[in-house]
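In: what would the 3D arrangement of this be:
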Amino acid sequence: MAVQKLPLAKAINESLRTALENDPKVVLMGEDIGKLGGVFRVTDGLQKDFGESRVIDTPLAESGIVGTAIGLALRGYRPVVEIQFDGFVFPAYDQIVTQLAKMHARSLGKVKLPVVIRIPYGGGIGAVEHHSESPEALFAHVAGLKVVSPSNSQDAYWMLQQAIQSDDPVIYFEPKRRYWDKSDVDTEAIPAPLHAARTVREGTDLTLVGYGPMVKVCLEAAAAAQEEGKSVEVLDLRSMSPIDFDSIQASVEKTGRLVVVHEAPVFYGSGAEIAARITERCFYHLESPVLRVGGFHAPYPPARLEEEYLPGLDRVLDAVDRSLAY
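Out: Numbers count the residues shown, from 1 in each chain. Sure thing, here's the model as predicted:
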């Protein structure tokens with residue numbers, strides 16, 4: 001059947017399987033992705049079916065993994081790299097920022113680097129230090145990189161297909177706390193453009209923008225606000241670079257109010273860029289300042305404190321109430 005109800009992690013697995021079947025130049029690389037199937041079992045069964053030359057267990061060396069992927073891309077391959085946890089990406093940051101992001105421009109457009117870097121990110125799983133980071137703004141700031149994050153299984157499947165087919169390097173952030181949330185996946189659908197935001201709930205009083213793990217929280221907040229007679233529109237941003245400002249603008253011109261939600265700290269976060277751009281574009285439509293809800297400007301806390309750190313329903317609803325009070 002074309003339509004199946006799948007956990008987000010299984011949708012990614014199916015997308016990788018499809019890519020491996022359709023293009024012999026697609027190769028997967030990462031720590032423990034082969035025999036183990038990855039620490040979250042996202043790549044389970046792929047090495048068994050496609051072999052060790054296409055699903056490659058690498059050493060614990062993120063810089064080497066990404067550097068190797070760059071070399072493979074230069075030779076015509078389409079590598080898909082898994083970084084085991086978000087906090088492990090920083091040894092590879094130099095390769096990503098100074099090589100992967102720049103080679104296309106450095107070569108005056110002659111060189112293409114179709115590399116996808118998959119990164120499980122965010123909190124909510126009670127993990128130890130370096131396993132619950134939200135570093136998306138660090139990559140979105142870098143020209144030459146595309147940065148996306150699905151919030152549901154359908155997008156997880158199709159956005160990964162589009163990322164692999166892209167000739168640009170794509171950082172593909174996977175919301176690990178949503179890995180086992182199930183939703184329908186239509187493998188014969190016509191997907192939306194990779195960098196287009198999507199309205200996932202219509203409303204008239206206020207716009208809530210979120211992406212990745214926070215879309216579910218935004219929908220819960222909108223449902224709770226509805227019980228109090230407030231009509232909240234929810235946009236799933238889907239892409240943090242580029243950002244679909246046109247869709248946000250259209251929603252804000254309708255509602256007059258905007259709250260942006262993400263797990264990453266609000267200080268220099270993607271919400272700051274959205275707030276600045278929408279204030280420039282929609283100044284005369286805004287009925288209140290653009291508000292942001294996110295993590296605190298502090299190192300990610302121990303697991304027992306993460307629920308105090310992560311933006312939840314109460315903090316989002318508080319921002320909705322403050323915006324509507326103006």
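In: distance-wise, check Ala105 relative to Tyr77.
Out: To Tyr77, Ala105 is 21 Å away according to CB to CB, to the nearest Å. All C-beta spots, glycine's among them, are computed from the backbone N, C-alpha and C.
In: between those two, which one's more packed in?
Out: Taking other CB atoms under 10 Å, Ala105 and Tyr77 do not tie; Tyr77 has more neighbours (18 against 11).
In: the more buried one against Lys25, yeah?
Out: Yes: assessed by CB atoms under 8 Å, Tyr77 is found in contact with Lys25 at 4.9 Å.
In: so how far is Ser270 from Val260?
Out: 8 Å.
In: tell me how this protein divides into domains.
Out: The chain breaks down by automatic domain parsing into domains covering 3-186, 198-325.
In: off-centre distance for stretch 113-131?
Out: Here stretch 113-131 is found 10 Å from its chain centre; the criterion is CA atoms, centre = their mean, to the nearest Å.
In: partner strands of the lengthiest strand in the chain, parallel or antiparallel?
Out: Longest strand in the chain by number of residues, with DSSP state E as the criterion: strand 258-265. Taking DSSP bridges as the criterion, strand 258-265 pairs within the sheet with strand 206-210 (parallel), strand 291-295 (parallel).
In: tell me which of those sits most buried.
Out: strand 206-210 (a mean of 29; mean count of other CB atoms under 10 Å).
In: so after that strand, what's the next helix or strand?
Out: helix 214-227 (DSSP states H and E).
In: so the longest strand of the chain versus helix 214-227, what angle?
Out: Counting by axes from the mean of the first three to the mean of the last three CA atoms, to 10 degrees, strand 258-265 lies at 140 degrees to helix 214-227.
In: doesn't Ala298 belong to a helix?
Out: No: under DSSP: H, G, I helix; E, B strand; the rest coil, Ala298 sits outside any helix and is assigned coil.
In: what is the neighbour count of it?
Out: Other residues near Ala298 come to 9 when the count uses other CB under 10 Å.
In: what does stretch 248-261 contact?
Out: 197, 199, 203-210, 214, 217-218, 233, 235, 237, 270-271, 274-275, 278, 281-282, 285-288, 290-294, 311, 316, 319-320, 323-324, 326 (CB atoms under 8 Å, 6 or more residues apart in numbering).
In: just give me how far whichever helix or strand comes after the longest strand of the chain sits from the chain centre.
Out: Downstream of strand 258-265, the first helix or strand assigned by DSSP H and E is helix 270-282. In terms of CA atoms, centre = their mean, the centre of helix 270-282 is set 19 Å apart from its chain centre.
In: for the record, mean pLDDT for helix 270-282?
Out: Averaged across helix 270-282, pLDDT comes to 98.
In: quick check: angle from it to strand 258-265?
Out: If you take the same axes, to 10 degrees, helix 270-282 sits at 160 degrees to strand 258-265.
In: give me the buried stretch members for helix 270-282, please.
Out: Ser270, Gly271, Ala272, Glu273, Ile274, Ala275, Ile278, Arg281, Cys282 (16 or more other CB atoms under 10 Å).
In: distance check, the third one against His297.
Out: This points to Ala272. 12 Å.
In: what do the two both touch?
Out: Jointly contacting Ala272 and His297 under the rule CB under 8 Å, 6+ apart are Val266.
In: which other helices and strands does whichever strand or helix holds Asp184 contact?
Out: Asp184 belongs to strand 182-186 when assigned by DSSP H and E. Strand 182-186 is packed against strand 3-7, helix 8-22, helix 153-165, with contacts defined by 3 or more CB pairs under 8 Å, 6 or more residues apart in numbering; DSSP states H and E.
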